[in-house]
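In: show me the folded form of this:
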Amino acid sequence: MQSKNVRNYSKVVEGTVVVLDLDKFKEVTKEKGFDEYKPNVITGTLTHLVENFVRKWNAYVLYGLDYFRGTEEAIIAIPLTKPEEILDDLERIRKEIERLGATISIGVSYGVIVNVKPRDRREAYRNITVKNALKALREAKRKGGNRIVVK
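Out: Purely as a prediction, here's the structure:
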C-alpha cells in the first residue's frame, strides 16, 4: 500500500531534495532482534515523522515511505523550498530518532540539495539532483552519521 502522500514524480518542480537514511540500521536490527520486514519502534517512528514532514511542506515522497515495513530510508522532494527553510524540521526528526537511540545506538543522516524538475521517469531516477543528494548523504555517513549535509 502506498501512502496517499506518495505522488507522481512528474509533479516535482524546482525546490529541495532530501535523502535520509537510518545509520547502522542492519546492525541495530540484528542486535535488538527486530524483524527487518515489520515496523519497529525506530522505523515506525521515522515513518510517522516523515509523513508529518511531507504534509507540513506539501512535499512528495519519491521513494521510501513504507507503512508495512517501516521507513529506513526515503527520498523526498519539497517544491519551491530552499534547504535552509526545512533544516529545523529535519533537525527535529534527527533528534527524535537520536532520542530513541538513547538505549539503541542509531541516528539518521541526511543529504540535502536544490532540485530541478526531471523531464521523465528515467531522468527522475537518474536525476543529477538525486545523485548529488545521495553524495551529500554519503558524506554525512563518512563524517560519522547522525547529521545533515547540505550541498
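In: tell me which residue is most central in the protein.
Out: Residue closest to the mean C-alpha point of the chain, counted by Cα atoms, centre = their mean, is residue 20 at 3.0 Å.
In: phi and psi next, for that residue.
Out: The main-chain torsion angles of residue 20 are listed as degrees, to the nearest 10 and equal phi -130, psi 150.
In: which one is it nearest to, not counting chain neighbours?
Out: Nearest-residue entry for residue 20: residue 110, 5.0 Å, with adjacent residues in sequence omitted and distances by Cβ to Cβ, 6 or more residues apart in numbering. Backbone N, C-alpha and C define where each C-beta goes, glycine included.
In: can you pull the contacts of that neighbour?
Out: Taking Cβ atoms under 8 Å, 6 or more residues apart in numbering, we find residue 110 in contact with 18-20, 90, 94, 136-137, 140, 147-149.
In: show me what the residue nearest to the centre of the chain is bridged to.
Out: In this structure, residue 20 bridges to residue 74, residue 110 when assessed by DSSP bridges.
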